[in-house]
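Q: I would like to see how this sequence folds:
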Amino acid sequence: MSKSASRARLFEIIRRRSFGRGEVTLASGRKSDFYFNLKPTMLDPEGATLLAELTYEALKDDQLDFIGGLEMGAVPLAGALAQISWIKGHPIAAFFVRKKPKEHGAKLAIEGLPRGETLEGKRVVIVEDVTTTGGSAMKAVEAVRETGAEVVLVLTMVDREEGADDTFGAAGLPFRSLYKASEFLKALAARLFPPSCPGLTGHPRLCRTRDPGWPGQARPWTRSTRPATPLLPPQPLIYHPALW
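A: Presented below is the predicted three-dimensional model:
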């Protein structure tokens with residue numbers, strides 16, 4: 001599968017398994033009417049494979065020694081990339097940073113390294129599943145820098161585009177993403193209001209179209225928010241529960 005085909009396929013998996021609408025409170029404390037939960041994608045066999053392949057392709061020329069990030073989002077990502085990097089003949093070791101060091105045992109803040117091995121002097125990339133302001137990833141950056149490692153860049157699977165660029169820029173860190181939140185929001189708008197759907201400015205009606213998620217059926221789309229005549233009250237925007 002080509003890189004563009006892999007990216008398109010992974011986009012569809014994230015859209016169906018990990019993207020939703022509804023009021024949520026983000027890790028940054030901000031409120032939002034859409035959310036990403038990438039765990040169902042990261043733990044899906046195809047989704048995990050495509051994430052690892054595309055992440056590897058995005059990082060293979062950066063001469064990295066380690067990949068890791070803050071628990072929990074970075075854990076499946078780092079593990080999957082470590083595996084595929086070995087298969088590709090260019091192994092990149094993985095680790096993760098605890099949000100809080102263990103209060104028992106070795107009391108480690110950074111997990112995954114054998115006894116006697118450190119990140120000092122190593123080239124490291126910090127990965128994250130979804131990034132909003134960048135605050136969570138910066139916790140991992142700070143913990144890794146304290147070990148004497150060089151943090152080369154931060155890579156996220158989905159950038160919500162809510163200030164992370166500024167956060168990492170202020171820290172002198174390049175920031176990359178596989179996807180932008182705006183890509184999913186545009187795709188949602190296109191599905192809610194397809195060009196073939198009449199009635200978006202006329203009489204409220206239900207538009208229907210074929211969709212692979214509804215085998216052999218037509219899928220309901222949405223209704224117009226504007227009435228055809230003053231006699232009809234405005235109709236609310238309707239999201240079909242199976243749409244996302």
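
Q: Is the residue most central in space within the chain within a helix or a strand, and which one?
A: Taking CA atoms, centre = their mean, the centroid of the chain lies closest to V158, which sits 3.1 Å from it. Assigned by DSSP states H and E, V158 belongs to strand 150-159.

Q: on contacts alone, who are the packing partners of that strand?
A: Helices and strands touching strand 150-159, by 3 or more CB pairs under 8 Å, 6 or more residues apart in numbering; DSSP states H and E, are helix 45-59, strand 123-131, helix 135-145, strand 175-180, helix 181-192. Yep, even glycine has a C-beta here, placed from its N, CA and C like the rest.

Q: Where among these is average confidence lowest?
A: Mean pLDDT is lowest for helix 181-192 among the helices and strands packed on strand 150-159, at a mean of 88.

Q: elements contacting that one?
A: Helix 181-192 packs on helix 3-18, strand 19-25, strand 31-36, strand 150-159, going by 3+ CB pairs under 8 Å, 6+ apart.

Q: most tightly surrounded among these?
A: Compared across these, strand 150-159 shows the largest average neighbour count, a mean of 22 (mean count of other CB atoms under 10 Å).

Q: if you average pLDDT over stretch 60-75, what comes out?
A: 94.

Q: Quick check: buried residues in that stretch?
A: 64-70, 73-75 (16 or more other CB atoms under 10 Å).

Q: farthest pair in these?
A: D65 and G73 (21.2 Å; CB to CB).

Q: returning to what we had before: for the helices and strands packed on helix 181-192, could you give me a markdown table that also reports mean pLDDT?
A: Below are the helices and strands packed on helix 181-192 laid out as a markdown table (pLDDT from 0 to 100):
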| stretch | mean pLDDT |
| --- | --- |
| helix 3-18 | 96 |
| strand 19-25 | 84 |
| strand 31-36 | 88 |
| strand 150-159 | 97 |
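
Q: Of those, which is nearest A48?
A: Comparison of the helices and strands packed on helix 181-192 against A48 by CB to CB identifies helix 3-18 as nearest, at 9.8 Å.

Q: and the helices and strands packed on strand 150-159 as TSV, adding mean neighbour count?
A: Listed next are the helices and strands packed on strand 150-159 as TSV, based on neighbours: other CB atoms under 10 Å:
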stretch	mean neighbour count
helix 45-59	19
strand 123-131	25
helix 135-145	20
strand 175-180	18
helix 181-192	15
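
Q: Make CSV out of those and add distance to D166.
A: Below are the helices and strands packed on strand 150-159 laid out as CSV (distance: least, CB to CB, whole Å):
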stretch, distance to D166
helix 45-59, 22
strand 123-131, 12
helix 135-145, 12
strand 175-180, 10
helix 181-192, 16
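
Q: just so I know, which of the ones you listed lies nearest S32?
A: Nearest to S32, of the helices and strands packed on strand 150-159 and by CB to CB, is helix 181-192 at 9.5 Å.

Q: Using the three-state scheme, assign H90.
A: Recorded secondary structure, H90: coil (DSSP: H, G, I helix; E, B strand; the rest coil).

Q: That one: neighbour count?
A: By other CB atoms under 10 Å, the residues close to H90 number 14.

Q: That one touches K60, doesn't it?
A: Yes - the pair H90 / K60 is scored as a contact, 6.3 Å apart, by CB atoms under 8 Å.

Q: before we move on, back to that, so of the buried residues of stretch 60-75, which ones are in strands?
A: Among these, the residues falling in strands (DSSP state E) are 66-70.

Q: ok, so of those residues, who is nearest V127?
A: The closest of those, once distances to V127 are taken by CB to CB, is G69, at 4.6 Å.

Q: Done for today, thanks.
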